[in-house]
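1. Predicted model, plus sequence, below.
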Amino acid sequence: MSNDQQSAHIIAAMELAAEAAGDITPAVFDRYFARCGDSKALMEHMDEHMLGRMMEQVILLLMESGEEELASYIEFETASHRAYGVKPHMYESLMLAVQDVISQAVGDAYTEEMAEALQSRIDYLLGEITASEA
């Protein structure tokens, strides 16, 4: 599946999730903090607006199809987040929380192509994050 096809499936899944559940931000962060307690402690000072901005960036990363743009953005973001004490496993926990919430919100309409596209994009992003941490 090409990057553009991945993006199309991911966008379709996100649109369906938004139609079914509205703003998924609270559900994602509930799931994220349940999965990753050290992230909850690190982010306890963040208000709903900051969490919303963070969620916006995660969604944009998942929808973006240009790998060159993604790689440089990820390198920049991981460097700045490292200063706050963010660890690589925290990114994975957040991405998996997004994946869980989207698949749950979409329900039976969540296709194999959507799942494959989202997993592939998450795998790519986590690979780039790991590379930027090295």
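-> Done, it's in. In this text, all values refer to a predicted model and were calculated from it rather than measured experimentally.

2. List the contacts of Glu113.
-> With contact set as CB atoms under 8 Å, 6 or more residues apart in numbering, Glu113 has these partners: 1, 9. Any C-beta I mention is one placed from the backbone N, CA and C, and that applies to glycine too.

3. So what's the predicted local confidence for it?
-> For Glu113, the pLDDT comes out at 96.

4. Show me which positions of stretch 77-92 end up buried.
-> Neighbour counts over stretch 77-92 (16 or more other CB atoms under 10 Å) mark 77-78, 86, 90-92 as buried.

5. quick one: secondary structure of the closest residue to Glu75 other than its chain neighbours?
-> Ranked by CB to CB, 6 or more residues apart in numbering and with sequence neighbours excluded, the top spatial neighbour of Glu75 is Ser132, at 4.5 Å. Classification of Ser132 by DSSP: H, G, I helix; E, B strand; the rest coil places it in helix.

6. Tell me how many other residues surround Ser132.
-> A count of nearby residues for Ser132, using other CB atoms under 10 Å, gives 17.

7. can you tell me how far it sits from Phe29?
-> The spacing between Ser132 and Phe29, counted by CB to CB, to the nearest Å, is 23 Å.

8. Need the nearest residue in space to Ile122, chain neighbours excluded.
-> Met95 (4.6 Å).

9. show me what contacts that neighbour?
-> 58, 62, 122, 125-126.

10. Quick one, which of those residues are buried?
-> Buried, going by 16+ other CB under 10 Å: 58, 62, 122, 125-126, out of these.

11. Among the residues you listed, which lie within helices?
-> Those of the buried ones among the contacts of Met95 mapping onto helices are 58, 62, 122, 125-126, per DSSP state H.

12. With distance to Asp38 as added columns, please give these in TSV.
-> As requested, those are exported to TSV (distance: CB to CB, whole Å):
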residue	distance to Asp38
Val58	18
Leu62	23
Ile122	20
Leu125	20
Leu126	17
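
13. okay if I get these as a markdown table plus pLDDT?
-> Formatted as a markdown table, those follow (pLDDT from 0 to 100):
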| residue | pLDDT |
| --- | --- |
| Val58 | 87 |
| Leu62 | 86 |
| Ile122 | 91 |
| Leu125 | 87 |
| Leu126 | 87 |
